[in-house]
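*Asks:* here's a sequence, model it:
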Amino acid sequence: MKAAMSESIFRKDGTAQGVAKQRLIETIAKPDERVINDPYADRFVLGASFIKLMGHKFNIWLGEKIAPGFHEHLISRTRFIDDLIEKSAASGIEQYVILGAGYDSRAHRLELPSSLKIFEVDQPEVQVRKRAKLPKELPNSENISYVAVDFVSQSLTEQLTDAGFDQSKSSIFTLEGVSQYITKKAFSSTIEEVATLTQRVSSIFFVSYVNELLTKNPEACFGKGYPNAEKRVKLITYGSAKVGEPWISFYGAEEIESILSQNGYALKENVTLKDLNSRYFAPVGRALSENQLFHLEHFVVAKSKI
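*Replies:* Presented below is the predicted three-dimensional model:
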């Protein structure tokens, strides 16, 4: 793991802040129209007061001018993982490990049982910044262990076990919005270490990945009729690189399934916004049309074969 995640997990917080911004925009929607609610998102967003002043609908309209469906894509990813964590916890999963936690707030905003032990893993400077921005009184605080890992010189396994991670208990791991920023070698090593950590018990692994067609056939990563797909891709990837977090790794479904299988995991779900549009946005009257569908990133759930 020392060589694995050292190659760039959140050296800066540009993308973490960007995702928090989309959670904030969704949160300020009317309660019966929103898909997720994150009361802590505004603490991590520059200009949060201005965003609130502009309101949900104006922010959505503005986002559509830049990249239609991008907001809904990130919110569907958030909600999909929310549902997965709540369902897993209700089914008896005992530990939850958030890899590259960034400004994740699930530990505090979801209804999770007190028996679920949560480990937030990230670089020390990111955790210091995050904890400084959170209020002192928080739900579930007693259930969280912040695992500060210097990925250059420390092992994830050692740091997790030192923090109280129990290798005899069932666990769920999430690696959200990270795989495109690290090398394929780093990604494979991460899954390998997680598999070793949980080799004696059942475990669930969530990972998101960017479709390899992004660089070969951008139109295939969007709904039919999506405007200027290639231009939108360049805009998004340029913006990420601009904040020091370039996209460097892309995958096909078979490649992801192979990596997971080699490490003892069976793929259970592989979905995108195209699949989740009717699940999350249609019920609140916000279903996207085909030409607004932004589905270049896939959301995968795999379970250990034990």
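
*Asks:* grab the longest helix from this structure for me.
*Replies:* Secondary structure assigned by DSSP state H gives helix 70-90 as the longest helix of the chain.

*Asks:* helices of the stretch 51-200 of the chain, start to end?
*Replies:* 56-66, 70-90, 106-109, 124-133, 156-162, 184-197 (DSSP state H, counting those that start in this stretch).

*Asks:* out of those helices, nearest to K169?
*Replies:* helix 184-197 (10.8 Å; CB to CB). Any C-beta I mention is one placed from the backbone N, CA and C, and that applies to glycine too.

*Asks:* quick one, what contacts I204?
*Replies:* Neighbouring residues of I204 by CB atoms under 8 Å, 6 or more residues apart in numbering: 84, 88, 93, 171-173, 301-304.

*Asks:* tell me the bridge partners for it.
*Replies:* I172, K303 (DSSP bridges).

*Asks:* any idea of the pLDDT on it?
*Replies:* pLDDT, I204: 98.

*Asks:* what does M1 give?
*Replies:* M1 is given a pLDDT of 43.

*Asks:* same question for T190.
*Replies:* Reported pLDDT for T190: 89.

*Asks:* isn't it up against L175?
*Replies:* Yes - with contact defined as CB atoms under 8 Å, T190 reaches L175; the gap is 6.8 Å.

*Asks:* could you find the closest non-adjacent residue to the spatially most central residue of the chain?
*Replies:* The residue lying closest to the centre of the chain (CA atoms, centre = their mean) is E176, at 2.5 Å. Leaving aside its sequence neighbours, E176 sits nearest to S208 (CB to CB, 6 or more residues apart in numbering; 5.6 Å).

*Asks:* for the stretch 201-306 of the chain, just list every one of the strands.
*Replies:* Under the criterion DSSP state E, counting those that start in this stretch, the stretch 201-306 of the chain contains strands at 203-210, 265-271, 297-304.

*Asks:* among those, which is the most enclosed?
*Replies:* Highest mean neighbour count of the strands of the stretch 201-306 of the chain: strand 203-210, a mean of 23 (counted as mean count of other CB atoms under 10 Å).
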